[in-house]
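K.L.:
next input, structure requested:
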Amino acid sequence: MVGAMAAALVSMVTNFTVGRPKFADLDAPLREVLAAAEGARERLVALMQEDERAYAALSAAMKLPRGDEGEKRARSQALQQALRGAAAPPLAMAAVCRRVLDLAQAAAERGNPALASDAGVAALLSEAALRASEINVRVNLVRVRDQTFVDATEAELNRLVQGTAARKEEILALAGRRMAGG
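P.N.:
All right, here's what the predicted structure looks like:
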């Protein structure tokens, strides 16, 4: 939800920029940013529902009986599958939130300066949502036994998170300059 809010803020900034004569030279690129932000918002809402279903599957697997060896094996297999499945939605969320952070930068750079603060808030929220997604992926990976899966997922997660704190700070500084008329 936080990532979707960040995307909505990027949309708001671009909506207050596109179609205005004062920003005519930025209309086409900002329409692309607007479309991407709306797509990201919709995708994040859908991923929230996927995450709920993945959690329900994990919860159901945890409740499976474990009385005899056969039940224990079946439960263990179901848990492993559910844990891998539970890591997928937040990993996808992290990727979308990384994209929203990039879109927040575009909104801060080229959007209506009267809404530069909103682009800064979008950067804060998108980075926070990305970090929250990271935590949710990692909590599931702790119990996954497939080391190849864990390694690949960790590598992707690390790639998505790398540099986001610095990028957020750059966007906040840019938004601050634009709010001050710079």
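K.L.:
now do the closest residue to A94 other than its chain neighbours against P90, distance only.
P.N.:
The shortest distance from A94 to any residue other than its chain neighbours is 3.9 Å, reached at S133 (Cβ to Cβ, 6 or more residues apart in numbering). C-beta: built from backbone N, CA, C; applies to glycine. Remark: distance between S133 and P90 (Cβ to Cβ, to the nearest Å) = 4 Å.
K.L.:
that older thread, would you indicate which residues of whatever helix or strand the residue nearest to A94 lives in are buried?
P.N.:
Secondary structure from DSSP states H and E places S133 in helix 116-141. Of the residues in helix 116-141, those buried by neighbour count under the rule 16 or more other Cβ atoms under 10 Å are 116-134, 136-137, 140-141.
K.L.:
just checking, what packs against the helix or strand just after that helix?
P.N.:
Where DSSP H and E defines the elements, the next helix or strand beyond helix 116-141 is helix 147-161. For helix 147-161, the helices and strands in contact under the criterion 3 or more Cβ pairs under 8 Å, 6 or more residues apart in numbering; DSSP states H and E are helix 69-110, helix 116-141.
K.L.:
which strands or helices does the longest one pack on?
P.N.:
For helix 69-110, the contact count by 3+ Cβ pairs under 8 Å, 6+ apart identifies helix 2-15, helix 27-62, helix 116-141, helix 147-161, helix 164-179 as packing neighbours.
K.L.:
output the ones you listed as a markdown table; include the columns mean pLDDT and distance to A107.
P.N.:
Output for these, formatted as a markdown table (pLDDT from 0 to 100; distance: least, Cβ to Cβ, whole Å):
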| stretch | mean pLDDT | distance to A107 |
| --- | --- | --- |
| helix 2-15 | 98 | 4 |
| helix 27-62 | 97 | 6 |
| helix 116-141 | 98 | 4 |
| helix 147-161 | 98 | 20 |
| helix 164-179 | 96 | 9 |
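K.L.:
and those, which is most packed in?
P.N.:
helix 2-15 (a mean of 25; mean count of other Cβ atoms under 10 Å).
K.L.:
contacts for that one, please.
P.N.:
30-31, 33-34, 37-38, 40-41, 44-45, 48, 93, 96-97, 100-101, 103-104, 106-108, 111-112, 115-116, 118-119, 121-126, 128-130, 132-133 (Cβ atoms under 8 Å, 6 or more residues apart in numbering).
K.L.:
among the helices and strands packed on helix 69-110, which comes closest to P21?
P.N.:
helix 27-62 (9.5 Å; Cβ to Cβ).
K.L.:
now A114: how far from R178?
P.N.:
In this view, A114 and R178 are 9 Å apart by Cβ to Cβ.
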